[in-house]
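Student: Any chance you can model this:
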Amino acid sequence: MVFATSILHVHLMQWEDASALERAVNKCDAIWNSIPEDQRQCCRGLHLYNELLHTFYLLRICDYKEATNHVNILDAALEDDVQQTEQVQKLSAELNKVESRLLQPGLQQHKKSELSEKRKQIQQELHKFEHPKLGHNGQVSEPSSFGNPKSIWKEKLELGPPPLNGEWLPKSAVYVLVDLMAVICGRPKGLFKDCAKRMLSGMSRIEEELGKLGISGDVREVDLQHWAIWMAGVYLMLLVQLLENTAIIELTRTEFLEAQKALKKIVDWFGRFPTILQGCENTIQMLLGQYAHSLGCFNEAALHFIEATKLTESKSMQAMCQVYAAISYICIGDAESSSRALDLIGPVYRSLDSYVGFREKTGALFASGLLQMKQHNLQEAR
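Tutor: Numbers count the residues shown, from 1 in each chain. Take a look at the predicted model:
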């Protein structure tokens, strides 16, 4: 299952062969369904990783309905994790109290027996939460850390039992990523209140984690300790994506001042952490273009979109940037701008079938339709 999810992850990043990608998705489903229920409980991290990869895939092909189902599965898994963590913490606190009392001098024998029995009961309760180990034959065997609450419910969402007890992302980052997926699923449906709650949840968690890494106030990239750079990158990238969605939602609601605030925050974070957030330059230019277009500054918008095209190697993103720039030029309305729009949209339209997602095809058809309308080719536009 670890290898199957890793293969799916690579295919999602490359996206060169749609049929191979679909086979990788189906392979993950088949293997996960073949794992017995009692063995799945020691693979919490692997379950979440698999569900997140499925969500990425479904969002990329714009199947929002099915993606939402996977987000619901992720939410349920994390809710279960929260409840079990709270139960373990409560039981651990009780165990500590009992053990402290057992250490008191001059304890009567019957009281000592009562406390020993209670300690045994609490340890048995904690034992239920302990991750079982898998033997060489794949069967569940006894865990090795009986009665030690610190090793029972860890902060890590482990992929599996040893030696697969690593994690894909830190636990808090997984929680934020699930919030982000919920926002991306809810945004096209106009569920902005729900999105706002999830974004607030994600951002407060990121703020807490960045604080642990010493990132607060005016701390900049050069001030970071080496050990903190990778972890900071994880949370800063997630933060930018949450702010990106905030800006897009505010533009959709025509709340331009709020959109501007979100954009300013992204630009400020980029200014402080330019190397870590280098991959976000394209996103920033796209957002600036969308903001300018919303305000009716079509020339500036087109320039931002063209700049965004230069800042990515992704064929898909380049196509979208060209589509957006073409629409801004069409909105200017003069002959020269329409000619520029045609130059931008032509190559995308001609290679329509080479794009994987629906976004590129829909965008290219829409822009081409607008251009045909400008040229009074109404039947072709329709």
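
Student: all helices of the stretch 251-382 of the chain, in order?
Tutor: Per DSSP state H, counting those that start in this stretch, the stretch 251-382 of the chain carries helices over the ranges 256-272, 281-294, 298-310, 315-332, 335-350, 358-374, 378-381.

Student: what do you get for the stretch 101-250 of the chain?
Tutor: Going by DSSP H, counting those that start in this stretch, the stretch 101-250 of the chain shows helices at 109-129, 171-186, 192-212, 226-252.

Student: can you give me the offset of the shortest one from its chain's centre?
Tutor: When distances are taken as C-alpha atoms, centre = their mean, to the nearest Å, helix 171-186 is centred 5 Å away from the chain's centroid.

Student: My read is that residue 165 contacts residue 159, right?
Tutor: Yes. Because the distance of 7.0 Å satisfies C-beta atoms under 8 Å, residue 165 is recorded as touching residue 159. For the C-beta atoms, the positions are set from N, CA and C on the backbone; glycine is no exception.

Student: For these two, work out which one has more neighbours and name it.
Tutor: Ranked by neighbour count (other C-beta atoms under 10 Å), residue 165 and residue 159 place residue 159 first, with 22 against 15.

Student: and the more buried one, backbone torsions?
Tutor: The phi and psi torsions at residue 159 (degrees, to the nearest 10) take the values phi -70, psi -30.

Student: isn't it right next to residue 50, touching?
Tutor: No. Using C-beta under 8 Å, residue 159 is not in contact with residue 50, being 9.9 Å away.

Student: gap between residue 59 and residue 31?
Tutor: Distance of residue 59 to residue 31, computed by C-beta to C-beta, to the nearest Å: 22 Å.

Student: With residue 338 instead?
Tutor: Noted for residue 338: a distance of 53 Å to residue 31, by C-beta to C-beta.

Student: Now residue 59: closest residue in space that isn't a chain neighbour?
Tutor: Leaving aside its sequence neighbours, residue 59 sits nearest to residue 67 (C-beta to C-beta, 6 or more residues apart in numbering; 5.1 Å).

Student: wait, residue 206 sits on residue 240?
Tutor: No. Using C-beta under 8 Å, residue 206 is not in contact with residue 240; the gap is 10.1 Å.

Student: quick check: angle from the helix or strand harbouring the residue nearest to residue 59 to helix 192-212?
Tutor: Per DSSP states H and E: residue 67 is located in helix 64-102. Helix 64-102 and helix 192-212 are oriented at 50 degrees to each other (axes from the mean of the first three to the mean of the last three C-alpha atoms, to 10 degrees).

Student: Deepest-packed of the helices of the stretch 101-250 of the chain, please.
Tutor: The highest mean neighbour count among those, using mean count of other C-beta atoms under 10 Å, belongs to helix 171-186: a mean of 23.

Student: what helices or strands is that one leaning on?
Tutor: Using 3 or more C-beta pairs under 8 Å, 6 or more residues apart in numbering; DSSP states H and E, the elements in contact with helix 171-186 are helix 44-60, helix 64-102, helix 192-212, helix 226-252.

Student: on that earlier part again, which of residue 338 and residue 31 has more neighbours?
Tutor: The neighbour comparison of residue 338 against residue 31 (other C-beta under 10 Å) goes to residue 338, with 18 against 15.

Student: quick one: contacts for that one?
Tutor: 329, 330, 371, 374, 375 (C-beta atoms under 8 Å, 6 or more residues apart in numbering).

Student: for the stretch 1-150 of the chain, which spans come out with low pLDDT?
Tutor: Residues of the stretch 1-150 of the chain that meet the criterion pLDDT under 70 lie in 128-150.

Student: can you pull the alpha-carbon coordinates of stretch 38-54 into CSV?
Tutor: Taking Å, rounded to 0.1, in the frame of the first residue of the first chain, the C-alpha atoms of stretch 38-54 are listed here in CSV:
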residue,chain,number,x,y,z
ASP,A,38,-8.0,-5.0,12.4
GLN,A,39,-4.8,-4.2,10.5
ARG,A,40,-6.0,-0.8,9.2
GLN,A,41,-6.1,0.7,12.6
CYS,A,42,-2.3,0.8,12.7
CYS,A,43,-2.1,2.6,9.4
ARG,A,44,-3.9,5.8,10.2
GLY,A,45,-1.4,8.0,8.4
LEU,A,46,-1.6,5.7,5.3
HIS,A,47,-5.4,5.9,5.2
LEU,A,48,-5.3,9.7,5.3
TYR,A,49,-2.5,9.9,2.7
ASN,A,50,-4.5,7.6,0.4
GLU,A,51,-7.7,9.7,0.8
LEU,A,52,-5.8,13.0,0.3
LEU,A,53,-4.2,11.7,-3.0
HIS,A,54,-7.7,10.6,-4.2
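
Student: who touches it?
Tutor: Residues outside stretch 38-54 that contact it (C-beta under 8 Å, 6+ apart) are 1-2, 5, 8-9, 12, 25, 28, 32, 35, 70, 73-74, 77-78, 81, 131-134, 138, 140, 156-161, 164, 167-168, 174, 177-178, 181.

Student: What residues of that stretch count as buried?
Tutor: 42-54 (16 or more other C-beta atoms under 10 Å).

Student: can you redo these as CSV with distance to residue 198?
Tutor: Listed next are those as CSV, based on distance: C-beta to C-beta, whole Å:
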residue, distance to residue 198
42, 29
43, 26
44, 21
45, 21
46, 24
47, 21
48, 17
49, 20
50, 21
51, 16
52, 15
53, 20
54, 19
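
Student: Go through the residues you listed and name the one nearest residue 270.
Tutor: The closest of the buried residues of stretch 38-54 to residue 270 turns out to be residue 52 (C-beta to C-beta; 25.5 Å).

Student: what packs against the helix holding residue 67?
Tutor: Under the contact definition 3+ C-beta pairs under 8 Å, 6+ apart, helix 64-102 sits against helix 44-60, helix 109-129, helix 171-186.
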